[in-house]
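Visitor: Build me a structure from this.
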Amino acid sequence: MSLSLKTLAAALLLGGSAMAIAANDGQARVNELLNADPQYRETWQGVVKEEERLPEWVMNLSGDAEQMNAVEEDGDKYLVGPLCESQATCADKRLIVAVSFDKKDAYAMLVEVPSGLPADKSPTRHANYRFLGKPDQGMQDLLMEQLRKDPNWY
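Guide: Residues are numbered from 1 along each chain as shown. All right, here's what the predicted structure looks like:
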């Protein structure tokens, strides 16, 4: 279910969110979250502090991001979107991030595909998936569903 920009903006405003809206397209992006609101930064740091061997771009949510979408999981609303270290590495490494509208919960799925995988090999069969933030099965399914929306993912 995709909400319109006005609905998303209203939901964010009504939720008391200080989410920064990207000047170029009016949409929130994963790589802007930590600078948008100290509560997002605190929540994300809580997720990654107990994880080992995470790349710097994952720790800092920095890199190349597309717009986030509002989705609902088990009655709670989340902003969900992808993040890549760079556009060039997106096919091999990406992070799907979900943060709750109330800024108290954050989850992510780090997807890594062996670099140089031939085009005739399905990335889904060769990918490693690492969940961050201890998501339950419903949240894991939501993160996987977001990944499957990518037309280059098969």
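Visitor: ok, then the element right after the helix or strand of the chain with the lowest mean pLDDT?
Guide: Least confident element among the helices and strands of the chain, by mean pLDDT, DSSP states H and E: helix 5-14 (a mean of 42). Scanning forward in sequence from helix 5-14 by DSSP states H and E, the next helix or strand is helix 33-36.
Visitor: got the buried residues for that following helix?
Guide: 33-34, 36 (16 or more other C-beta atoms under 10 Å). In this view, the C-beta of every residue, glycine as well, is placed from N, C-alpha and C.
Visitor: and what of stretch 46-57?
Guide: Quick answer for stretch 46-57 (16+ other C-beta under 10 Å): 47-48, 54, 57.
Visitor: Spatially central residue in this structure, please.
Guide: Val97 (1.9 Å; C-alpha atoms, centre = their mean).
Visitor: Who does that one form a beta bridge with?
Guide: Beta-bridge pairing for Val97 (DSSP bridges): Gly81, Ala108.
Visitor: now it: how far from Tyr154?
Guide: Using C-beta to C-beta, to the nearest Å, Val97 is found at 22 Å from Tyr154.
Visitor: any idea how far Glu73 is from Lys93?
Guide: Distance from Lys93 to Glu73, by C-beta to C-beta: 24 Å.
Visitor: Please read the previous query as pertaining to Thr124.
Guide: In terms of C-beta to C-beta, Thr124 sits 22 Å off from Glu73.
Visitor: quick one, which of those two is more surrounded?
Guide: Glu73 (19 against 14; other C-beta atoms under 10 Å).
Visitor: Can you give me the neighbour number for Glu112?
Guide: Applying other C-beta under 10 Å, I find that Glu112 has 16 neighbouring residues.
Visitor: right, I mislabeled it, should have said Gly63
Guide: 22.
Visitor: What strand or helix carries Gln146?
Guide: helix 137-148.
Visitor: same for that helix, what does it pack against?
Guide: Counting contacts by 3 or more C-beta pairs under 8 Å, 6 or more residues apart in numbering; DSSP states H and E, helix 137-148 is packed against strand 69-73, strand 76-84, strand 93-100, strand 106-112, strand 128-132.
Visitor: Which elements pack onto the third one?
Guide: To tie it back to what came earlier, the one meant is strand 93-100. Using 3+ C-beta pairs under 8 Å, 6+ apart, strand 93-100 is in contact with helix 38-48, strand 76-84, strand 106-112, helix 137-148.
Visitor: Lovely, talk soon.
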